[in-house]
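**Student:** this one's structure only:
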């Protein structure tokens, strides 16, 4: 995969698919136009559609900016950056990684990578329990970075194992 490159610090930097982000941006722009049309036709909800999808446009534009969103794997752990905000997890803080499948009306609509924290990780215990009740694991990556969820799960598991 072209975006999987170890840098000189033996880190792996994964970025979201630009094609996917552009598709989402274009789709949001279409809905912004629909919202404008609805407002012009005095349709209920036009302002909601306009503002919601205008916010989506802003988010997808920011996600396309260099350095705004990525997953960095290092020997110490992994950094998740979304919209220029980063969170770092040490490999020892994570118990395991797993594929999370989200369903709607019994049909799988999205797969992602989830993870559970080690017993020694004591941050946000109540919030983690709530997330686990909702999706089946305590944390979740926001993207699969152009990979299949299963492949990314295997990659994360391999990096964790190599860090021991």
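**Tutor:** Noted; the coordinates are in hand. The structure displayed is predicted, hence computed values, not measured ones.
**Student:** Show me the strands in the chain, by range?
**Tutor:** Secondary structure of the chain (DSSP state E): strands located at 12-14, 70-73, 77-82, 85-90, 94-104, 107-117, 139-140.
**Student:** Can I get those in JSON lines including mean pLDDT and mean neighbour count?
**Tutor:** Heads up, the C-betas are built off the backbone N, CA and C, glycines and all. Output for those, formatted as JSON lines (pLDDT from 0 to 100; neighbours: other C-beta atoms under 10 Å):
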{"stretch": "strand 12-14", "mean pLDDT": "93", "mean neighbour count": "18"}
{"stretch": "strand 70-73", "mean pLDDT": "95", "mean neighbour count": "21"}
{"stretch": "strand 77-82", "mean pLDDT": "96", "mean neighbour count": "19"}
{"stretch": "strand 85-90", "mean pLDDT": "94", "mean neighbour count": "12"}
{"stretch": "strand 94-104", "mean pLDDT": "90", "mean neighbour count": "16"}
{"stretch": "strand 107-117", "mean pLDDT": "88", "mean neighbour count": "16"}
{"stretch": "strand 139-140", "mean pLDDT": "91", "mean neighbour count": "20"}
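**Student:** And those: which comes nearest residue 48?
**Tutor:** Of all the strands of the chain, strand 94-104 sits nearest to residue 48, with 21.5 Å by C-beta to C-beta.
**Student:** Direction included, what does that closest one pair up with?
**Tutor:** Here strand 94-104 is paired, per DSSP bridges, with strand 107-117 (antiparallel).
**Student:** what about the helices in the chain?
**Tutor:** For the chain, applying DSSP state H gives helices covering 18-40, 46-64, 125-135, 149-163.
**Student:** and the longest one, what does it pack onto?
**Tutor:** Applying 3 or more C-beta pairs under 8 Å, 6 or more residues apart in numbering; DSSP states H and E, one finds that helix 18-40 contacts helix 46-64.
**Student:** and the helix it packs on, average pLDDT?
**Tutor:** For helix 46-64, mean pLDDT rounds to 94.
**Student:** Show the contacting residues for residue 149.
**Tutor:** Each residue near residue 149 by C-beta atoms under 8 Å, 6 or more residues apart in numbering is listed here: 99, 100, 111, 112, 113.
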